[in-house]
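Asker: missing the sequence, but the structure's below:
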């Protein structure tokens, strides 16, 4: 595009100014009001047991991470299998599933 | 081929005039959208009125949400028109600066939104006896910049979705997350103007934020309109 | 796991080992945080997960920009991979966050800046994926526009939600990290970064192979 360079620079400059804007915001905000009490100051009876939540959180992250990996590898093997069959069927020497770098 | 600024705005004006002319014949989009906006206000009134009085600050929220919904509806309808007889492609094939076409469409949408806004504010003032125009300059400024911000993002997304599948449901899905700052600023700016103890500094801050949003996203939209509309 | 290169497999094993070694280390050795107690241990992976989501958002945004203006298909493949990871890590953050908030502050959703920003970004990139899936042909370019807009929107959402929130009672007090906790914390960040890079590489490879498959299919159809 003819003047895309100028536009790109303009956008980047505006963005940088925009991010600096956040600094000025801090100065004019009204002071926050404390409403919630940190858990350290709560009496024992009011506290929720932390362990189940902690374990739940850990489990979620692990399940999601490994679930994603599993799904990914399944899809990948399916695609690569199909690549192999396709190239074999047409007896093409140049194509085919290469396992090299990713 | 160098494009002068005059040519650019001439093209934008022509596109806008075309849209306004088509719309003024049937006024379908204007009437139906305005009526939809009024119904929105009514529905929200039932949700937010307790014992005959609105929940504190509900008026500001109702105005902007009704505007957001009605605006999104109008956007979808306005671009649907371009599908008939491949009008959009015809427009894009014209030997003019494409960004000018975008601006023309944007101006048309903004005009429509302003008219719908008038309807919404009328009904909210009527139902809740709200004094919106106590600080008219700030309030109108807020409305104007909020409309521009919403319209800029909306026009771009609606235009790029014209030829996509599932465009009717995808437009709101795409539009709302991106226009969140406009909505937050609009609602809170309006609130700071109509509340019992108006906070003008805060209103000015929100106005500044939305204006900044408008500048950045208008630039972004002009920049990306061409590649997004090219097949 | 079949289908991945030798290098990916090795990296995966290393990452798995690192993470596995870290978890009991954290739980046993790190001190309990003074104001929040045991549940603050969630921070060790909640924050790194948020970092990764943020990283993914910016990778997707920049790659989308490159794809939109240069038309490089590799950029598009990187963008979609990054978007999926943004949604994945975002989901991890949005589930662990409320779990932490419920115990520490009694509410599931604290309406603080970072959580709300994360939610909006998550919605933006879910919208990206929906557009790619249901938008029909040519939707990749449109989605690139959405990703670009989402990325540029980050400062605006942050500022607007931040100012909006400070008008309401302060609900979260995130403590500064004392020295004893910093070590395990940064270890976790590195571990998650490795995890992220491995996932990104794997997902890109999937896209590359799919593209290759499409090319081959197309080439053979012409015969």
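Answerer: Nice, I can see it. The structure displayed is predicted, hence computed values, not measured ones. Numbers count the residues shown, from 1 in each chain, chains lettered A, B, ... in the order given.

Asker: any low-confidence regions in chain C?
Answerer: C:1-6, C:8-9, C:12-13, C:16-17, C:19-40, C:167-181, C:223 (pLDDT under 70).

Asker: again with chain B
Answerer: Checking chain B against pLDDT under 70 turns up B:1-3, B:231.

Asker: residues touching the residue nearest the centre of it, list them.
Answerer: Centroid-nearest residue in chain B, with C-alpha atoms, centre = their mean: residue B:151, separated by 3.7 Å. Contact analysis of residue B:151 by C-beta atoms under 8 Å, 6 or more residues apart in numbering or on different chains lists B:71, B:106, B:109-110, B:113. From N, CA and C alone the C-beta is placed, and that goes for glycine too.

Asker: Up against chain B, what does chain C have?
Answerer: Contact residues (C-beta under 8 Å from any C-beta of the partner chain) of chain C with chain B: C:68-69, C:120-121, C:123-124, C:127, C:130-131, C:134-136, C:138-139, C:141-142, C:144-146, C:148-150, C:152-153, C:156-157, C:159-161, C:163-164, C:167.

Asker: of those, buried ones?
Answerer: For these, a neighbour count by 16 or more other C-beta atoms under 10 Å in any protein chain shown gives the buried set as C:68-69, C:120-121, C:123-124, C:127, C:130-131, C:135, C:139, C:141-142, C:144-146, C:148-150, C:152-153, C:156-157, C:159-161, C:163-164.

Asker: close to chain A, is stretch B:87-96?
Answerer: No. Contact of stretch B:87-96 with chain A is not found when judged by C-beta under 8 Å from any C-beta; the minimum separation is 14.1 Å.

Asker: do that stretch and chain C meet?
Answerer: No. Judged by C-beta under 8 Å from any C-beta, stretch B:87-96 and chain C are separated, with a smallest distance of 13.2 Å.

Asker: Could I get the buried residue list for that stretch?
Answerer: Here stretch B:87-96 shows B:88, B:91-92, B:96 as buried, counting by 16+ other C-beta under 10 Å.

Asker: Any chance of those in a markdown table with distance to residue C:56 and secondary structure as columns?
Answerer: Converted to a markdown table, the buried residues of stretch B:87-96 look like this (distance: C-beta to C-beta, whole Å; DSSP: H, G, I helix; E, B strand; the rest coil):
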| residue | distance to residue C:56 | secondary structure |
| --- | --- | --- |
| B:88 | 34 | helix |
| B:91 | 37 | helix |
| B:92 | 33 | helix |
| B:96 | 39 | coil |
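
Asker: ok, longest helix in chain C?
Answerer: Of all segments of type helix in chain C, defined using DSSP state H, the longest is helix C:179-221.

Asker: thought residue C:108 was touching residue C:97?
Answerer: No. Contact between residue C:108 and residue C:97 fails when scored by C-beta atoms under 8 Å: they sit 9.2 Å apart.

Asker: okay, these two: which has more neighbours?
Answerer: Ranked by neighbour count (other C-beta atoms under 10 Å in any protein chain shown), residue C:108 and residue C:97 place residue C:97 first, with 24 against 10.

Asker: ok, the more buried one touching residue C:118?
Answerer: Yes. Counting by C-beta under 8 Å, residue C:97 does reach residue C:118; the two are 7.4 Å apart.

Asker: from the contacts of residue B:151, which would you call buried?
Answerer: For the contacts of residue B:151, buried by 16+ other C-beta under 10 Å: B:71, B:106, B:109-110, B:113.

Asker: Which members of those residues are the farthest-apart pair?
Answerer: By the measure C-beta to C-beta, B:71 and B:106 form the most distant pair in the buried ones among the contacts of residue B:151, at 12.4 Å.

Asker: Which of the contacts of residue B:151 fall in helices?
Answerer: Per DSSP H, the contacts of residue B:151 map to helices at B:71, B:106, B:109-110, B:113.

Asker: Which member of the residues you listed is positioned nearest residue C:211?
Answerer: Comparing these against residue C:211 with C-beta to C-beta places residue B:106 closest, at 36.0 Å.

Asker: in terms of contact, does the closest one touch residue B:158 like I think?
Answerer: No. Using C-beta under 8 Å, residue B:106 is not in contact with residue B:158, being 10.4 Å away.

Asker: got any ranges where chain A has weak pLDDT?
Answerer: If you take pLDDT under 70 as the line, chain A has these spans: A:1-48, A:92-102.

Asker: Packing partners of the helix or strand where residue A:72 lies?
Answerer: Taking DSSP states H and E as the definition, residue A:72 sits inside helix A:50-90. Under the contact criterion of 3 or more C-beta pairs under 8 Å, 6 or more residues apart in numbering or on different chains; DSSP states H and E, helix A:50-90 touches helix C:43-70, helix C:73-105, helix C:179-221.
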